[in-house]
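Novice: compute the structure for the input listed below.
(2 chains)
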Amino acid sequence: MFDLQTWTTAIHTWLTGFIPEWTAILLESVVVALIIITLYAVFAIALIYLERKICAFFQCRIGPNRVGKWGLLQVFGDVFKMLQKEIIRMRKSDRFLHDLAPYLVVTASMLTFACLPWNKGGHIIDFNIGIFFMLAVSSIGVVGILLAGLGSNSKYPMIGAMRAGAQLISYEISIGLTMLTMVALTGTMQISEIVQQQADYGWNIVRGHLPALIAFLVYLIAGNAECNRGPFDLPEGESELTAGYHTEYSGMHFGYYYLAEYLNLFIAAGIASTIFLGGWAPLHIAGLDGFNHIMDLIPGFFWFVGKTFFVVFLLMWERWTFPRLRIDHILSLEWKYLMPISLINLLLMALVVVLGLGINLN
Amino acid sequence: MDSHNIMFFILAALILFSSIACVLTKSILRAATYLFFALVGTAGIYFILGYTFLGAVQLMVYAGGVVVLYVFAILLTRGRKDQLSQNTKTKIFASALLSLAGLGIFVFAILKGNFATNPLAAPNEGILSMNDVGSSMLSTGDNGFLLPFEAVSVLLLACIVAALVIARKR
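Specialist: Numbers count the residues shown, from 1 in each chain, chains lettered A, B, ... in the order given. This next block holds a predicted model:
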C-alpha cells in the first residue's frame, strides 16, 4: 500500500534543513490548508453537477445539457454568476451577526472536512479522540445557522433557523450513538487507527455484521437530516419559507451556505465510508490472493473518494425518492424511533464485542 | 519564540477581547456571540496543552451546546426588550465592587499559589490516553469519578422531567 507519510516526512526533513522547525510547520500548515480549500471547492462543483444529473434521472429528465458537453460547464457558469452578485445588506438587521453567520457554517464544515482520512498517512487532523473532535466541530455549524436566522431581522429566516436548530440538535444524537457503536467495535477513536484496523482485519460493516448494518442504516437516515437534505429539508422548505434561514442572503454569502450544504453531504458520506466501509482500505476477499494483490495497487485516495461517492449516491437516492416530512414527524422519527433503535443497537454491539461474535478476517 | 507560544498569545488576545466585548455590548444576541468566541478560544488553549479530550468537550458542550441553548432562549423569549437594561449608579457601583473583589481573589491566588514552572514544550497529546479518562470516569477507586458522574445524570433526569412538566402544561 502506498504510504503518503514517507513523502511528508521527506518534505519536512528537507524544509527543516534550512529554516527553523516552527517556520517549517507553519509553512506546511498553510500549504495543507490551501490544498484543503481547493479540494473543498472542487468537490463542491463535482457534487452540484452530480446532484443535478442524478435528480434529473430520478425524475425521468435529462438535466443540464446545454453548456459544454453533457452540461459539464453549467456549474462553472453558476459559480461565476454567484461570485459577481451584489451582497445585499438588510436595513435594521444586525450587520455584524448577519455577515458572521455564513463564515461560522463554512468554518465548521471545513474543520470536519480536514478530519477525513484521504490516504494511508494522508490524514490532516488526527487526534486520539478524532471521531469525537469531528462531532464537536460540526456542532459549531448550528450556531451559525441560528445566528443567520436571528441576525436577518425577518420572519422566514427565524422560523427556518428554529426548525434547523431543533432538527440538527436532535439528529446529532443518532449520529453520535452510531459512531459510538462503531467505536465500541474498534476500541479506538483515532481515525487513522480505525482505518488501519479495517485494512488489517476487514471492513467494519463485515466485522460488526448485524449491529454494524443497523448502525449504517440509521447513519444514512440521520446523515441526510444532519445535512438539511432529502426528506428532511424542511428548514428551507421553499413552498412555505421561500428559502429558510438563508432567505436574506445574496451573492457569495448565500454561496457559502450552498457550498457548506454540499460539502456536508460529502463529509457525511466520507465519515460513513471511514467508519463502516474501511476508508482508504482496499477491497479484500479472503482467499483470493491474486485479486487482493491487484486491489492493493489502486492508491488509497481513489478508494476513499470512490467509496465516498458511492455513499453520496445512496444519500441522493434517499433524497429524491421520499417526499418531504412535516416538522413534528421529523422530530418524532428521531426521538421515538431512531434514538431508541441506536441505543438498543449500541447494547447489541457491546454484546457482540464482549462475547467475541464479530467476524475477523485474515 | 515557538509556534505554540505565538498561538497562545493569539488565543489569549481572542479570549480577552471577546470577554470584554461580551460584557460591554448592549445587544443580548451579540453578547452570546462574543461568549461563543471566548469559549472557542478556551478550547484552543486546551488543544495547545495537548489535552484534546477536554478541548473537544469544551467545543461540544459549551460552544456547540450552551451557546445554542442561550440563542434558543433568546429566540423564544425575545420581544421588544432584546436590549439590556439601563445601568443605574448603584448598579455600576455594586458591580465595580464585585469585580474588584474578584480581581483581588484571582491576583492573590496567582501570586500565592505554587505553579509547576516548567514552560510548555511542544504540545503532546500522549499525556492522558482516552482509555484512562474513560476508566477513571467509571471507577470507584482513587481518582474515580463514578459518584459525581451519577449525580450529574440525576441532575439531567430532573431537567428532563421539569421540561416535560412545562411542555405538558395544557
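Novice: quick one, grab the pLDDT at the residue most central in space within chain B.
Specialist: Compute the mean C-alpha point of chain B, and by C-alpha atoms, centre = their mean the closest residue is B:L39, 5.6 Å away. On the pLDDT scale, B:L39 is placed at 92.
Novice: separation between it and chain A?
Specialist: 10 Å (C-beta to the nearest C-beta, to the nearest Å). Placement of C-beta: from N, CA and C, glycine included.
Novice: quick check, that residue in contact with B:V67.
Specialist: Yes: counting by C-beta atoms under 8 Å, B:L39 sits close enough to B:V67 to count as a contact (6.9 Å).
Novice: hey, which helix or strand in chain A has the poorest pLDDT?
Specialist: helix A:238-241 (a mean of 69; mean pLDDT, DSSP states H and E).
Novice: continuing past that one, what's the next helix or strand?
Specialist: helix A:251-275 (DSSP states H and E).
Novice: can you pull the buried residues of that next one?
Specialist: A:252-275 (16 or more other C-beta atoms under 10 Å in any protein chain shown).
Novice: could you do stretch A:193-209 as well?
Specialist: Here stretch A:193-209 shows A:193-199, A:201-208 as buried, counting by 16+ other C-beta under 10 Å.
Novice: same question for stretch A:98-115.
Specialist: For stretch A:98-115, the neighbour count (16+ other C-beta under 10 Å) marks A:98, A:100-102, A:104-115 as buried.
Novice: next one: it to chain centre, how far?
Specialist: 13 Å (C-alpha atoms, centre = their mean, to the nearest Å).
Novice: is that stretch up against chain B anywhere?
Specialist: Yes: against chain B, stretch A:98-115 shows contacts by C-beta under 8 Å from any C-beta of the partner chain at A:L100.
Novice: using PDB, list the CA coordinates for that stretch.
Specialist: Output of stretch A:98-115 as PDB, limited to C-alpha atoms (Å, rounded to 0.1, in the frame of the first residue of the first chain):
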ATOM      1  CA  HIS A  98     -25.600  38.700   9.600                       C
ATOM      2  CA  ASP A  99     -22.100  38.800   8.000                       C
ATOM      3  CA  LEU A 100     -20.500  36.500  10.500                       C
ATOM      4  CA  ALA A 101     -23.000  33.600  10.300                       C
ATOM      5  CA  PRO A 102     -22.000  32.100   6.900                       C
ATOM      6  CA  TYR A 103     -18.400  32.100   7.900                       C
ATOM      7  CA  LEU A 104     -19.200  30.000  11.000                       C
ATOM      8  CA  VAL A 105     -21.100  27.500   9.000                       C
ATOM      9  CA  VAL A 106     -18.300  27.200   6.400                       C
ATOM     10  CA  THR A 107     -15.600  27.000   9.100                       C
ATOM     11  CA  ALA A 108     -17.300  24.200  10.900                       C
ATOM     12  CA  SER A 109     -17.700  22.300   7.700                       C
ATOM     13  CA  MET A 110     -14.000  22.800   6.700                       C
ATOM     14  CA  LEU A 111     -12.800  21.700  10.100                       C
ATOM     15  CA  THR A 112     -14.800  18.500   9.700                       C
ATOM     16  CA  PHE A 113     -13.500  18.100   6.200                       C
ATOM     17  CA  ALA A 114      -9.900  18.200   7.400                       C
ATOM     18  CA  CYS A 115     -10.500  15.200   9.700                       C
END
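Novice: average pLDDT across that stretch?
Specialist: For stretch A:98-115, the per-residue pLDDT averages 88.
Novice: what's the answer for stretch B:142-151, then?
Specialist: On average, stretch B:142-151 scores 85.
Novice: straight-line length of it, end to end?
Specialist: When the termini of stretch B:142-151 are compared using C-alpha to C-alpha, to the nearest Å, they are 18 Å apart.
Novice: and what of stretch A:284-299?
Specialist: Stretch A:284-299: ends 14 Å apart by C-alpha to C-alpha.
Novice: so how far is it off the chain centroid?
Specialist: The answer for stretch A:284-299 is 28 Å, by C-alpha atoms, centre = their mean.
Novice: and if you look at stretch A:67-80?
Specialist: Counting by C-alpha atoms, centre = their mean, stretch A:67-80 comes out at 24 Å from the chain centroid.
Novice: I'd say A:G279 and A:P117 touch.
Specialist: Yes: when contacts are counted by C-beta under 8 Å, A:G279 is listed as touching A:P117 (4.7 Å).
Novice: so which of the two has more stuff around it?
Specialist: A:G279 (30 against 26; other C-beta atoms under 10 Å in any protein chain shown).
Novice: the more buried one sits in which helix or strand?
Specialist: Counting by DSSP H and E, A:G279 is part of no helix or strand.
Novice: contacts only, for it.
Specialist: Applying C-beta atoms under 8 Å, 6 or more residues apart in numbering or on different chains to A:G279 gives the contacts A:P117, A:I191, A:I194, A:V195, A:Q198, A:S273, A:G300, A:W303, A:F304, A:K307.
Novice: in helices, which of those fall?
Specialist: A:I191, A:I194, A:V195, A:Q198, A:S273, A:G300, A:W303, A:F304, A:K307 (DSSP state H).
Novice: check pLDDT for these and point me to the minimum.
Specialist: A:G300 (81).
Novice: which residues of chain A score low on pLDDT?
Specialist: For chain A, the stretches with pLDDT under 70 are A:1, A:235-240, A:360-362.
Novice: for chain B, what is the nearest residue in it?
Specialist: A:S139 (2.9 Å; C-beta to the nearest C-beta).
Novice: my guess is that residue meets B:Q58, correct?
Specialist: No: assessed by C-beta under 8 Å, A:S139 is found out of contact with B:Q58, at 11.6 Å.
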